[in-house]
Structures are given as C-alpha cells and as structure tokens.
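>>> give me the fold of what follows.
(one chain, ligands or ions: 2)
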Amino acid sequence: MILAIESSCDDSAISITEIATNKLLFHKKISQELEHSVYGGVVPELAARLHAEALPKILEACEPYFKDLKAVAVTSTPGLAVTLVEGVIMAKAIAVALDIPIIGVNHLVGHIYSLFIEKETVFPLTVLLVSGGHTQVMEVKSLTDIKTVAKSMDDSFGESFDKCAKMMGLGYPGGPLIQDLAKDGDRLKYNFTVPLHQSPLIAFSYSGLKNAVRLAVVDAGDDKEKYKDIAASFEHIATKHLTMKLKKYFKTVRPKTFAIVGGASANLYLRAEIEKLLEPHKAELLLSELKYCSDNAAMIGRVATEMYKLDMFDSIEDLESSPRSIL
Ligand code: KG4
Ligand code: ZN
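Numbers count the residues shown, from 1 in each chain. Ligands and ions are numbered 1, 2, ... in the order given. Predicted structure coming up:
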C-alpha cells in the first residue's frame, strides 16, 4: 500500500491505495473553505497553520495501515510554498520512521489521474485542466509523456470565478457560488468581450474579463438582480473563451478522447458546452467523479502506484517542495 498526502492549497488530505489493484482503501479530506471564505480567497499562512492541525489528525486514523506501507507519496509541486512544505515534512518523517521510500508527485499529474481512481488508465488523451491555479491543455501519452500545448497567460479559469464572487461579496470558493447565481441570470445580458478572440494564439487569459466584471459590478451597485445576469454572462464568456480556443486547436489535432479535470471541471455549464464541442468529432469525454474534481489525496495515491511500479522514487534528503510546476 501507498500512503499519499495532499496539502498544495486549502485541502488537507491523506489516502491509502493498494498498489496491485489501485483500490482506494482510505481517503479523508479536511477542507478549509469556511476559514478562508471570510477573506474571499486562500490566505497562505492561515492555510499552512490549518494543515499543521489537520494532517496529524487524519494520519492518526491511518495507523492500522502503517505495517503494510511500501512507500509514502506527497504532492511536492506546484502549489503554495508554505502549505506544500507541511505535507513534504510529514511525508519525510513517515519515510524515515517506517524506513520506506518517498515519492514526490506533481499536483497537475494528480488531477489527470483523478480520472483513473480505482480504474485503469486510458491513453492517449487530450486534457483540459481547469483549477484555481491552472488553465491548460495537455497531450498525455503516458505518465512520463505529458506535453502542455496551451496555457493561461495570467489568471486561471477557477480563479476568475473566485475573484468575481469576491467582487459580489458571495464568499469562497467562487465557482459553485457563481454557478448557482448564474442559473437564474441572462447569459446574454452583459456583452463581455471574449478574451483573445482576435488573436491566433492558442492560449488563455482571464484578467481582462475579470476587470470587465469588476466594472459591471460597480455599475450594478446594490442591485442583486443584476448580479445574476453578471454571473450568467461571465460564466458564458469564460466558457466560450475555452471552447473557441479548443475549436481552433482541434483544427490541427483531432481529439479522440478528451478529458476535463481540476476543481472547475465540476462546472455544469462548462461540461455541457464541451460536450457540444466534441459532438462533431465523435470524441469520448472523460470526467472525474465529482468528489475527485477538487484537490484530494486519492488522485496523488493513484499517480504514486504508477510511479512505484516504475521505481520513480525520490531521495529523502533531496525532495523539496516547489511552488512552480515544470509542466
Ligand atoms: O483543483 P482545485 O480544487 O484547486 C486547485 O488546484 O487550484 O480547484 C479549485 C478551483 C477554485 O477556483 C474553485 O472556485 C473552482 O475550482 N471551482 C469551480 C466550480 N467548483 C470549483 N469553478 C467553476 N464552477 C464550479 N462549479
Ligand atoms: Zn488542484
């Protein structure tokens, strides 16, 4: 079995996965959403302190599995520097205490493998990752052959939902709150410009749209009815930006199997629009189970079982957490 730890942002999670079968034997996550909600976003130092409290509590429940552990895995990149280190320190302590190897896992690869929890992998795969930290398209041939073909030049899809929710005083995380508000709004009421719509680049940008929403919110004042239309129009344009760029990309690379992963892949409007986009290509759409879209340790454990089989271990002395990803 492998014990895997996730602490890259505001979720403390630990999983136990059986190496031979990929069976998830244990998974517990303590989310910090409520604590960060009052600030309208994640406060890194507060997140680190909450991980330091939550991770040992979850680990206690894993004790019966200790004797069967063959390795310990941990998200080592990318994420918040001060929170990643909480998980890495704990993983190192476990590796030393139980005399087992350590595996540093890339969080973005984790999101890809959230598709395969208790399942076999399916490759090749074109993946759209939409989370709080990332918006990127990747061509995935295997665990060790992942190529990023498009990414955001500034903010991410999920983060733009968080910022818009903050502007409207809705709380955090903004994704589900905006999605909920948008349900009763008019998607065409606000004519926000689709980012980079005239650019030939296959890349993403959300900072301009965010600013346009800011102006609309200021203009709406306290009129909460208008917020519904702003949320609906924002969600529409944020999604249209993704589908327009993907459509362009599909002109050169035909998708056969396409997946959406990351916290924001839970967005129902996005899922429906991507389904429409894939229809003429007869491409299959893969999605993670809703409970594994947002950050979790089950996906880290799933990557780790593959890395274990390929002897992809790190040295306890040299494994460092790094806020920036190489993907
Ligand atoms: O993957 P994740 O849990 O953390 C990161 O790796 O960043 O993603 C969290 C992000 C947040 O920005 C959150 O607002 C967004 O995912 N999110 C959504 C929805 N549910 C979560 N965004 C849009 N629509 C949703 N339904
Ligand atoms: Zn994530």
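>>> drop to CA atoms for contacts and neighbour counts, all remaining ones
Noted.
>>> pull out the buried positions in stretch 143-156.
Ile146, Ala150, Lys151, Ser152, Asp155, Ser156 (16 or more other C-alpha atoms under 10 Å).
>>> the residues you listed in strands, which ones?
Counted as lying in strands by DSSP state E, out of those, are Ile146, Ala150, Lys151.
>>> possible to save the residues you listed as JSON lines with distance to Leu80?
Converted to JSON lines, those look like this (distance: C-alpha to C-alpha, whole Å):
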{"residue": "Ile146", "distance to Leu80": "23"}
{"residue": "Ala150", "distance to Leu80": "22"}
{"residue": "Lys151", "distance to Leu80": "19"}
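>>> make JSON lines from the residues you listed and add distance to Leu327 and pLDDT to it.
Shown next, in JSON lines, are those (distance: C-alpha to C-alpha, whole Å; pLDDT from 0 to 100):
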{"residue": "Ile146", "distance to Leu327": "8", "pLDDT": "98"}
{"residue": "Ala150", "distance to Leu327": "11", "pLDDT": "98"}
{"residue": "Lys151", "distance to Leu327": "10", "pLDDT": "97"}
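>>> is any residue of the helix or strand Leu84 falls within near ligand 1?
If you go by DSSP states H and E, Leu84 is part of helix 81-98. No. Helix 81-98 is not in contact with ligand 1 by C-alpha under 6 Å from any ligand atom; minimum separation 12.1 Å.
>>> by contact count, what packs against that helix?
strand 2-6, helix 44-61, strand 71-77, strand 102-106 (3 or more C-alpha pairs under 8 Å, 6 or more residues apart in numbering; DSSP states H and E).
>>> hey, which of these is tucked in deepest?
Of all the helices and strands packed on helix 81-98, strand 2-6 has the most neighbours on average by mean count of other C-alpha atoms under 10 Å, namely a mean of 32.
>>> partner strands of it, parallel or antiparallel?
strand 11-17 (antiparallel), strand 71-77 (parallel) (DSSP bridges).
>>> relative to ligand 1, which of these is closest?
Closest approach to ligand 1 among the strands paired with strand 2-6 (C-alpha to the nearest ligand atom): strand 11-17, 7.8 Å.
>>> let me know the next secondary structure element after the closest one.
That would be, after strand 11-17 and using DSSP H and E, strand 24-31.
>>> okay, that next one in PDB with CA atoms only?
Extracted as PDB, the C-alpha positions of strand 24-31 are listed here (Å, rounded to 0.1, in the frame of the first residue of the first chain):
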ATOM      1  CA  LEU A  24      -8.700   3.100  -2.600                       C
ATOM      2  CA  LEU A  25      -8.700   1.700   1.000                       C
ATOM      3  CA  PHE A  26      -8.800   5.000   2.900                       C
ATOM      4  CA  HIS A  27      -9.400   8.700   2.000                       C
ATOM      5  CA  LYS A  28     -10.100  11.600   4.200                       C
ATOM      6  CA  LYS A  29     -10.000  15.300   3.400                       C
ATOM      7  CA  ILE A  30     -10.400  18.300   5.700                       C
ATOM      8  CA  SER A  31     -11.300  21.400   3.600                       C
END
